[in-house]
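**Student:** Give me a model of this one.
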Amino acid sequence: MEVKTVDDTGFSLRRAALYTAITAALVAVVLAPTLVYSEYPRFLNTLLLVGLLGLVGRTFLSALLSFRGANTPELTRSDEDLPAVSIVIPAYNEEPVLPDTIEAAKNLDYPAEKLEVVLCYEADSVDRTAEICRDAAADDPRFKAVERDEPGGGKAKAMNYALQYASHDIIAMIDADHCYKPDALRRAIAWFDSDDDIWCIKGRCYGTNPDDSILALHATVERHIAEKADLFAREVIGGYTIFGGGQAFFRREVFDELGDFDEDMLTEDIDMSSKIHAAGKRLVMDPSIITFEENPPTLDAWWSQRKRWARGWMQVAARYLLQLPRNQNVSVRVKADSIYTLAYAILPAFIVIGLPLFLMGWVPSVETATYVPYSAQLWTLIGISPMVVAAIVFFQDYREGLSHQPREYLAAVTLWFYLVFQTAVFVTAFIEEFVIHKPSVYVTTTRSEVPSDD
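**Tutor:** As a prediction, the model looks like this:
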């Protein structure tokens, strides 16, 4: 897979015009029956309301279910009996964030002799990433610096390469912009000890840079809702759990039996999650296992990351939407939850149709009411949902001793504007994946600037 930086994929007026034209054509095709069937806008508006209610209702339910708590098993082993663990950190132009990630790995509450850290840096890195990795390996025997100098790239390819140098049966993978909370590894090991069928543990990615920009602020709040509510609720109901995000813990059997990460998928993590379910094994999500992450601070970085995620989810949906429900190894709950999840990986692209519908509501001759009773109240519920769900998550975090900046509470009020804007990302991803079939390109996430010494 080709790899580019954000600077290599700057704004193109020609590409924007093409995508706008395609979007307009899609909207026109969907709305065309309005010319011959006066009730059609009402039908479409009903579909839009029902679709949004399905999304909002699930989010509300997830936030409430997350009150249950993680119920992490107690680790009963002595330090001498703890398993050896390999931590794998792929790194490409990570100078601004990598030193903190390395320091957090050093500070893990885990016996030093049971830990190795594989720092796999890309030879193409143009900053001090290689030097930082080599210095860490020279200073601490737990660390090894590995250079990857081969054609092709992307996160999946980097992790597959790094796995060759991981010596132990428990493998922890973490992005170079994440920092472990000191107890994270012990909590993960406790889960592995509790059930041999648990093949993967996913913790919570906790955003730490809401003050970098307005975009980073809203992305941080969005991630809090996704990580604390949506992803954990899947664990509570025994549903389609996934390890999307910058960290996870694995038994080596995952790779021995299921193979490497798929290097053609933009979300190799969701693809591997689906493989784990298909194999009849468990993937646990525990939000008390925390790593601290950085969200993209600029529009270009955010757009590239979110488009990669959106398109990757669509690739997974195309592969597993029909496959998982027919798999005999998969429970009924996982089947049902996977259908919902993978369908909603594609459906947000069509929410853009709702914008012309709202405008058509101003035309006296066009009926845009829905067939759903109390639709006005339901639209209001949809409107306040991000605020309410964010408040639930913030309250839970307060009870658990996790803090948020005051501006995060304010961002919950304006989160809908951010989510509507994000619809454009889904439309763009849909066009590239299903309309023009553009080859996948892995665009690396731009990090914050290196702090000055002043």
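**Student:** Now do the contacts for Lys144.
**Tutor:** By Cβ atoms under 8 Å, 6 or more residues apart in numbering, the contact list for Lys144 reads Glu116, Val117, Val118, Leu119, Ala137, Tyr165. (Glycine included, C-beta is placed from N, CA and C.)
**Student:** let's see it at 10 Å
**Tutor:** Ser86, Glu116, Val117, Val118, Leu119, Cys120, Cys133, Ala136, Ala137, Tyr165, Ala166, Ser167 (Cβ atoms under 10 Å, 6 or more residues apart in numbering).
**Student:** ok now the host helix or strand of it, how far from the chain's centre?
**Tutor:** When elements are assigned from DSSP states H and E, Lys144 belongs to strand 143-148. Between the centre of strand 143-148 and the centre of its chain there are 26 Å (Cα atoms, centre = their mean, to the nearest Å).
**Student:** I figured Ser274 hits Asp337, correct?
**Tutor:** No: Ser274 lies out of contact with Asp337 (Cβ atoms under 10 Å); the separation is 11.8 Å.
**Student:** Is there a quick PyMOL command that grabs whichever of the contacts of Lys144 are buried?
**Tutor:** A single PyMOL command selects the buried members of those (16 or more other Cβ atoms under 10 Å):
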select buried, resi 86+116+117+118+119+120+133+136+137+166
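**Student:** In strands, which of the contacts of Lys144 fall?
**Tutor:** Ser86, Glu116, Val117, Val118, Leu119, Cys120 (DSSP state E).
**Student:** Find the residue closest to the second one in space, skipping its chain neighbours.
**Tutor:** Counting by Cβ to Cβ, 6 or more residues apart in numbering, the nearest residue to Glu116 once its immediate chain neighbours are dropped is Ser86, at 5.1 Å.
**Student:** Report the separation between that neighbour and Ala172.
**Tutor:** Distance from Ser86 to Ala172, counting by Cβ to Cβ, to the nearest Å: 7 Å.
**Student:** list the residues that contact both of these two?
**Tutor:** Common neighbours of Ser86 and Ala172 (criterion: Cβ under 10 Å, 6+ apart): Leu115, Val117, Ala166, Phe250.
**Student:** number of nearby residues for Asp269?
**Tutor:** When neighbours are counted by other Cβ atoms under 10 Å, Asp269 registers 25.
**Student:** actually Leu322, not the one I wrote
**Tutor:** 11.
**Student:** Could you list the low-confidence segments of the stretch 301-450 of the chain?
**Tutor:** 353-368, 446-450 (pLDDT under 70).
**Student:** average model confidence for stretch 167-180?
**Tutor:** For stretch 167-180, mean pLDDT rounds to 96.
**Student:** buried sites along that stretch?
**Tutor:** Neighbour-count burial for stretch 167-180, counted by 16+ other Cβ under 10 Å, picks out Ile170, Ile171, Ala172, Met173, Ile174, Asp175, Ala176, Asp177, His178, Cys179, Tyr180.
**Student:** if we take those, which one ends up nearest to Ala345?
**Tutor:** The closest of these to Ala345 turns out to be Asp175 (Cβ to Cβ; 21.5 Å).
**Student:** What ranges does the stretch 301-450 of the chain have for its helices?
**Tutor:** For the stretch 301-450 of the chain, applying DSSP state H, counting those that start in this stretch gives helices covering 332-344, 354-360, 375-399, 406-411, 415-430.
**Student:** quick one: secondary structure of Trp199?
**Tutor:** Classification of Trp199 using DSSP: H, G, I helix; E, B strand; the rest coil returns strand.
**Student:** Surely it touches Arg282?
**Tutor:** Yes: under the criterion of Cβ under 10 Å, Trp199 makes contact with Arg282 at 6.6 Å.
**Student:** and for these two, which residues touch both?
**Tutor:** Common contact partners of Trp199 and Arg282 (Cβ under 10 Å, 6+ apart): Ile276.
**Student:** Of the two, which one has the most company?
**Tutor:** Trp199 (25 against 19).
**Student:** Not counting sequence-adjacent ones, nearest residue to the more buried one?
**Tutor:** Once flanking residues are discounted, Trp199 sits nearest to Lys281: 4.2 Å by Cβ to Cβ, 6+ apart.
**Student:** ok, now Tyr344?
**Tutor:** Per Cβ to Cβ, 6+ apart, closest to Tyr344 is Leu55, 6.3 Å.
**Student:** burial measure for the one you found, as a count.
**Tutor:** Neighbours of Leu55 using other Cβ under 10 Å come to 18.
**Student:** Work out for me the element it sits within.
**Tutor:** Using DSSP H and E, Leu55 falls within helix 40-65.
**Student:** doesn't Met272 make contact with the residue nearest to Trp199?
**Tutor:** No: in this structure, Lys281 is not within contact of Met272 by Cβ under 10 Å, at 11.3 Å.
**Student:** Name all residues that make contact with the nearest residue in space to Trp313 that is not next to it in sequence.
**Tutor:** Among residues not flanking Trp313 along the chain, Ala345 sits closest, at 3.9 Å (Cβ to Cβ, 6+ apart). Residues near Ala345 by Cβ under 10 Å, 6+ apart: 267, 270, 309-318, 320-321, 426, 429.
**Student:** how much space is there between Ala345 and Phe249?
**Tutor:** Distance, Ala345 to Phe249, using Cβ to Cβ: 25 Å.
**Student:** same check, this time on Glu2
**Tutor:** 30 Å.
**Student:** Compare those two and say which is more crowded by neighbours.
**Tutor:** Neighbour count, other Cβ under 10 Å: between Glu2 and Phe249, Phe249 has more, with 28 against 12.
**Student:** Now do the contacts for that one.
**Tutor:** 85, 87, 170-174, 184-185, 187-189, 191-192, 198-203, 243, 284, 286, 289.
**Student:** cool, Arg399 as well?
**Tutor:** Phe67, Gly69.
**Student:** how much space between it and Ser66?
**Tutor:** As judged by Cβ to Cβ, Arg399 and Ser66 stand 11 Å apart.
**Student:** Setting the sequence-adjacent residues aside, check what's closest to Thr445.
**Tutor:** Gln305 (5.0 Å).
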